[in-house]
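Chemist: Starting from these lines, generate the structure:
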Amino acid sequence: MRIVLNLAIPPSARERYALHWTIPATLLGVAGLACLLLFSIRSFREYKNAERAVAECQSRLNVLTTQEMALHRRLEEPQSHQLLNNTHFVNGLINDRRFSLADLAADITHLMPADVCLTGLSSAPDGQQFAVRFVVTGKTEAAMEIFLSNLEDSPHFRDVAIINQGFEQRGSNPELENIACTAHYLILNRDSSGE
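Modeler: Reported below is the predicted structural model:
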């Protein structure tokens with residue numbers, strides 16, 4: 001007599017469902033792998049494009065550096081030094097020509113109220129600017145304050161400083177207030193400012 005023993009364990013419900021889900025899980029895994037591969041390829045292409053752009057910028061920088069060195073060598077030649085000195089001289093003359101004592105006086109008098117008048121004016125070059133010193137006389141302290149406020153707000157003047165203040169008696173006139181000021185005069189382009 002023969003006895004047949006079946007020692008196999010019957011599959012559980014979990015194992016049966018796992019077998020059914022293997023194919024969709026495998027397909028999802030393959031799809032995810034394909035997406036990852038496409039993303040990697042796109043990233044690699046972007047990296048290559050960026051690398052190419054950096055190489056082009058580096059080569060352009062090298063060309064510009066070479067041109068700069070050639071220009072520096074040309075500027076060190078004696079003829080270039082003479083040309084540079086002549087250019088500085090001509091530019092200095094142009095800047096000096098742009099300065100006009102009449103324009104300076106007009107810029108100051110535009111800031112004055114009716115009770116204030118300009119009694120003294122002088123100027124001297126101060127580097128790229130002009131240092132000006134002027135004396136104004138006013139009938140009232142309020143008029144002088146208006147003038148000083150206008151002067152500080154003006155685009156033509158900066159670094160305004162009062163260096164002397166006093167009173168004087170002129171004949172039968174009441175006391176007049178005198179103020180001596182210094183400032184840096186800024187030469188503005190009159191065509192663009194509309195003056």
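Chemist: Please parse the chain into its domains.
Modeler: The chain breaks down into these domains under automatic domain parsing: 12-76, 100-193.
Chemist: Check the ones you listed for me and report the most buried one.
Modeler: domain 100-193 (a mean of 14; mean count of other Cβ atoms under 10 Å). Every residue, glycine included, has its C-beta placed from N, CA and C.
Chemist: related to what we said a few turns ago, which of the domains of the chain comes out lowest on mean pLDDT?
Modeler: If the domains of the chain are sorted by mean pLDDT, domain 100-193 sits at the bottom with a mean of 77.
Chemist: Work out for me the element Ile9 sits within.
Modeler: Under DSSP states H and E, no helix or strand contains Ile9.
Chemist: ah, wrong one, I meant Ile41
Modeler: Using DSSP H and E, Ile41 falls in helix 13-75.
Chemist: cool, and Leu83?
Modeler: helix 78-98.
Chemist: for that helix, packing partners?
Modeler: On a contact count with 3 or more Cβ pairs under 8 Å, 6 or more residues apart in numbering; DSSP states H and E, helix 78-98 meets helix 13-75.
Chemist: quick one, the helix it packs on and helix 78-98 angle?
Modeler: Counting by axes from the mean of the first three to the mean of the last three Cα atoms, to 10 degrees, helix 13-75 lies at 90 degrees to helix 78-98.
Chemist: what packs against helix 13-75?
Modeler: Helix 13-75 packs on helix 78-98, going by 3+ Cβ pairs under 8 Å, 6+ apart.
Chemist: Mind checking the pLDDT average for the helix it packs on?
Modeler: Mean predicted lDDT for helix 78-98 stands at 76.
Chemist: Now the element after that helix, going C-ward?
Modeler: helix 101-109.
Chemist: The helix or strand that comes right after that next one packs against which elements?
Modeler: Using DSSP H and E, the next helix or strand after helix 101-109 towards the C-terminus is strand 116-126. Under the contact definition 3+ Cβ pairs under 8 Å, 6+ apart, strand 116-126 sits against helix 101-109, strand 129-138, helix 141-153, strand 176-185.
Chemist: now for the ones you listed, which one comes closest to Leu61?
Modeler: strand 129-138 (37.5 Å; Cβ to Cβ).
Chemist: Relative to the closest one, what are the paired strands and their orientations?
Modeler: Applying DSSP bridges to the sheet, strand 129-138 is found paired with strand 116-126 (antiparallel), strand 176-185 (antiparallel).
Chemist: For the residue nearest to Ser122 when sequence neighbours are not counted, which residues are in contact?
Modeler: Counting by Cβ to Cβ, 6 or more residues apart in numbering, Ser122 lies nearest to Arg133, which is 5.0 Å off, once chain neighbours are set aside. Contacts of Arg133 were listed using Cβ atoms under 8 Å, 6 or more residues apart in numbering, and they are 120-123, 163, 180-182.
Chemist: that older thread, how about CSV for the domains of the chain, with distance to Phe89 added?
Modeler: Listed next are these as CSV, based on distance: least, Cβ to Cβ, whole Å:
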stretch, distance to Phe89
domain 12-76, 17
domain 100-193, 15
